[in-house]
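A.B. asks: dropping a prediction and its sequence here:
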Amino acid sequence: MPTFKALLATQDAGNFRASIQQLNREELPPGEVLVRVQFSSLNYKDGLTVTGRPGLIRRFPMVPGIDFAGIVEESASPKFHSGDAVVLTGAGAGETAWGGYAQVARWDSEHLVRLPAGMSLQQSMAIGTAGFTAMQCVMALERNGLRPDPGEIAVTGAGGGVGSVAIAILAKLGYRVAASTGRLELSDYLRSLGASEVIDRGALAATPGRALERERWAGAVDSVGGATLTGLLPSMARGSAIAMCGLAGGSVFTTTVMPFILRGVSLLGINSVIVAREERRAVWDRLSRDLPLEVLDRMTQVAPLERVFELGKEILEGKIRGRTVIDVNA
């Protein structure tokens, strides 16, 4: 088809505008591989980009959508051939390069990964960037020495995409997971993913003036940041680590050095955008083995591209549960 549907964001004299349009294929940026996109997903960053929050989109015009999955139509790379099913997450999609909120995309092969066996394109985007990040967090904690044992693992922002997938993975691996959320009405949902306990995020608040609390957490996945991260640190056990991957609760936190120097706590920063090809493949391999797809399906809703604007506002307001797949062809 000579034209394709896409969500295009523009900025003129500081005025942001985003709308769904028909674009010509000639407008696509250069790249080795042309992909007919089937699905994208809704992530926190997508909410920021489609609502025009400053700082995320680095160049205009831009097609938002920080991930996509689809079928290769054309390839100038020997790594991929017409008909291959591929996935892309991060790599600057929707920020510095045209992303997944379009029916076609053109990218260099180094950023693409083959769809794992036994996984559908829709399921790959039910995972999407949020699930990819959750698996990165688990792998980072494992590299720090985390193993299933009597200690508990805290997952903050548990009702969101990263949190939901992290709970499902950790439960499958045999960990006892405490899900922290500001939406206790999601308790049954979080337990259905594998959480053994659901706690109000207010319970993580640090006691003023106390640098250390009773050791409780053998590890943590934190997608919230801010005061939640401040509250986690005093209760981390000796030799434990927090995999830090988000800032939904704020980009600034206050703490002391005590958890780090007296208990050897590690703070592991997770970058899901700039990831080497081999690491990308390793993360997707682990997801194909350690994320129960039946649990993934239960946490997923599918929506057409036209709903991205309203859903983008909802994810920023903390109203989205689990994962939302965007069907760009619906």
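C.D. replies: Yep, that arrived. What you see is a predicted model, and the numbers here were worked out from it, not measured in a lab.
A.B. asks: may I have stretch 289-305 exported as PDB, CA atoms only?
C.D. replies: This file holds the C-alpha atoms of stretch 289-305, laid out as PDB (Å, rounded to 0.1, in the frame of the first residue of the first chain):
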ATOM      1  CA  ARG A 289      10.800 -19.400  29.400                       C
ATOM      2  CA  ASP A 290      10.000 -17.700  32.700                       C
ATOM      3  CA  LEU A 291       6.800 -15.600  32.000                       C
ATOM      4  CA  PRO A 292       3.600 -17.800  32.100                       C
ATOM      5  CA  LEU A 293       1.700 -16.700  29.000                       C
ATOM      6  CA  GLU A 294      -1.600 -17.700  30.500                       C
ATOM      7  CA  VAL A 295      -1.000 -15.200  33.300                       C
ATOM      8  CA  LEU A 296       0.200 -12.600  30.700                       C
ATOM      9  CA  ASP A 297      -3.100 -13.000  28.800                       C
ATOM     10  CA  ARG A 298      -5.100 -12.300  32.000                       C
ATOM     11  CA  MET A 299      -3.400  -9.000  32.600                       C
ATOM     12  CA  THR A 300      -3.800  -7.800  29.000                       C
ATOM     13  CA  GLN A 301      -6.400  -5.700  27.200                       C
ATOM     14  CA  VAL A 302      -6.400  -4.800  23.500                       C
ATOM     15  CA  ALA A 303      -7.300  -1.300  22.200                       C
ATOM     16  CA  PRO A 304      -7.300   0.300  18.700                       C
ATOM     17  CA  LEU A 305      -4.800   3.100  17.900                       C
END
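A.B. asks: all the strands of the stretch 201-330 of the chain, in order from the start?
C.D. replies: 217-222, 241-244, 266-269, 300-304, 323-327 (DSSP state E, counting those that start in this stretch).
A.B. asks: so which of the ones you listed comes closest to Q11?
C.D. replies: If you check each of the strands of the stretch 201-330 of the chain against Q11 by C-beta to C-beta, strand 323-327 wins as the nearest, at 22.4 Å. (Each C-beta comes from the backbone N, C-alpha and C, glycine too.)
A.B. asks: how far does the closest one sit from the chain's center?
C.D. replies: Counting by C-alpha atoms, centre = their mean, to the nearest Å, strand 323-327 is centred 12 Å from the centre of its parent chain.
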